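In: one predicted model, sequence on top.
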Amino acid sequence: MPEVAVNNVKGAVTALAAMGIFATHDVVVKVLGAEYSAFQIVFFAALLSFPIVSVILLADAREASLKPRHPWWVLLRTICTTITGVAAFYAFSILPLAQVYVILFSSPLLITILAIPILGETVRLRRWAAVIAGLVGVLVVMRPGQADLSLGHLAALVAAICGATASVIVRRIGQDERSVVLLLYPMVGNVIAMGVALPFVYRPMPLGDLGLLGIIAIFGLAASYLVILAYRAGEAVIVAPMQYSQILWATGYGYLLFAETPDGPTILGAGIIIASGIYIVLREGRAGTSANRPVLLTRSRAEAVTPRASLLLRVLPRSGR
């Protein structure tokens with residue numbers, strides 16, 4: 001088998017493992033969400049992620065300044081990332097896992113749209129058709145007027161929009177801005193914002209639940225690291241679609257642990273959104289089609305508490321390959 005094919009298989013399998021860990025991470029979020037506010041979960045998960053991320057940053061002595069070169073873009077990204085975390089965690093706590101994933105899968109469609117004003121990306125007819133089809137898929141899942149839409153549906157959609165915005169901002173300023181700024185500011189923003197809300201929602205947590213918060217932090221970082229290894233091994237057009245395997249994990253976990261079974265509209269909408277997202281990835285992978293490749297270079301799902309894999313990639317040594 002050619003080396004490229006072997007590397008692509010390695011990248012795909014590694015990405016599948018990462019998505020399995022991410023899905024398990026989200027199951028823990030859902031379990032804790034039944035007892036605690038999303039603000040409290042995000043606060044402690046972000047706080048517990050700090051030591052590991054700090055060690056990673058200390059190993060990268062190239063960049064020391066914490067002053068942003070693009071303060072307004074960094075502020076907007078920090079706000080979007082903070083909203084993404086609490087909105088996604090809230091959605092996981094009250095909606096079936098599969099429904100949350102399907103709505104979050106709209107992020108590549110939103111990234112494609114936002115890349116036009118923010119990056120100056122040119123989107124031609126075929127990608128526009130894929131975006132429109134994918135957004136129709138979102139409507140199929142949410143069924144406005146036919147099903148009761150909860151705050152959980154709104155939260156998942158807000159998480160998708162804010163996560164996509166944060167991703168495009170990274171593409172806009174990533175070449176100029178220091179990695180330490182892009183990594184630390186959203187984490188600090190999460191801790192400060194959630195810390196302000198914490199006194200109003202705090203419930204004492206037994207040691208076992210604190211341990212689950214630690215699992216959220218560790219699993220999130222471990223999955224991000226596997227995503228990095230996957231993109232180092234395989235081509236982006238092969239690795240990127242592996243994120244959609246999370247719907248299989250969500251379906252299995254939902255059925256076994258929470259007695260959740262996806263209904264017909266959710267399955268149909270998921271098929272439409274996933275097909276649209278894969279088509280956009282394939283189009284971006286073709287030479288001359290996309291000047292910025294915003295979806296392919298996002299490299300992982302929306303940033304919530306765990307730093308983006310694409311940012312960790314900038315500070316981790318190549319020996320991790």
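Out: Nice, I can see it.
In: which stretches in the chain count as helices?
Out: 3-33, 38-58, 71-94, 97-104, 107-119, 125-142, 151-173, 179-201, 207-233, 236-239, 246-258, 264-285, 309-315 (DSSP state H).
In: can I get these in CSV including distance to residue 294?
Out: (C-beta placed from N, C-alpha, C; glycine too.) Shown next, in CSV, are the helices of the chain (distance: least, CB to CB, whole Å):
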stretch, distance to residue 294
helix 3-33, 19
helix 38-58, 24
helix 71-94, 14
helix 97-104, 17
helix 107-119, 4
helix 125-142, 11
helix 151-173, 5
helix 179-201, 16
helix 207-233, 15
helix 236-239, 12
helix 246-258, 20
helix 264-285, 8
helix 309-315, 11
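In: return the most buried member of those.
Out: For the helices of the chain, the largest average neighbour count (mean count of other CB atoms under 10 Å) is found in helix 97-104, namely a mean of 28.
In: contacts for that one?
Out: If you take CB atoms under 8 Å, 6 or more residues apart in numbering as the criterion, helix 97-104 is touched by 23, 26-27, 30, 88, 91-92, 137-138, 141-142, 152-153, 156-157, 159-160, 163, 246-247, 250-251, 253-254, 258, 260, 262, 266, 269-270, 273, 301-302.
In: lowest average pLDDT across the helices of the chain?
Out: Mean pLDDT across those is lowest at helix 309-315; the value there is a mean of 70.
In: what's the closest non-adjacent residue to residue 257?
Out: Ranked by CB to CB, 6 or more residues apart in numbering and with sequence neighbours excluded, the top spatial neighbour of residue 257 is residue 27, at 6.6 Å.
In: ok, that neighbour to residue 209 distance?
Out: Using CB to CB, to the nearest Å, residue 27 is found at 14 Å from residue 209.
In: with residue 228 instead?
Out: 30 Å.
In: give me the number of residues near residue 67?
Out: Residues near residue 67, counting by other CB atoms under 10 Å, number 8.
In: and it, what's its pLDDT?
Out: Looking at residue 67, its pLDDT is 85.
In: excluding its backbone neighbours, what's nearest it?
Out: residue 181 (7.8 Å).
In: pretty sure that neighbour is touching residue 73, no?
Out: No: using CB atoms under 8 Å, residue 181 is not in contact with residue 73, being 10.4 Å away.
In: am I right that residue 57 is in contact with residue 181?
Out: No: using CB under 8 Å, residue 57 makes no contact with residue 181, being 10.6 Å away.
In: what's the separation between residue 208 and residue 201?
Out: Counting by CB to CB, the gap from residue 208 to residue 201 is 20 Å.
In: hang on, I meant residue 23
Out: Relative to residue 201, and taking CB to CB, residue 23 is found at 26 Å.
In: what do you get for residue 193?
Out: 13 Å.
In: for residue 227, same thing?
Out: 31 Å.
In: next: residue 295.
Out: 35 Å.
In: same thing with residue 88?
Out: Distance of residue 88 to residue 201, given as CB to CB: 17 Å.
In: go on, residue 223?
Out: With CB to CB as the criterion, residue 223 and residue 201 are 27 Å apart.
In: check residue 111 too.
Out: Applying CB to CB to residue 111 and residue 201 gives a distance of 31 Å.
In: and residue 82, by the same measure?
Out: Residue 82 is 15 Å from residue 201, by CB to CB.
In: was I right about residue 78 contacting residue 187?
Out: No: between residue 78 and residue 187 there is no contact under CB under 8 Å: 9.2 Å.
In: how far does stretch 287-304 stretch from start to finish?
Out: 31 Å (CA to CA, to the nearest Å).
In: tell me the buried residues in that stretch?
Out: Within stretch 287-304, the residues scored as buried using 16 or more other CB atoms under 10 Å are 290, 292-304.
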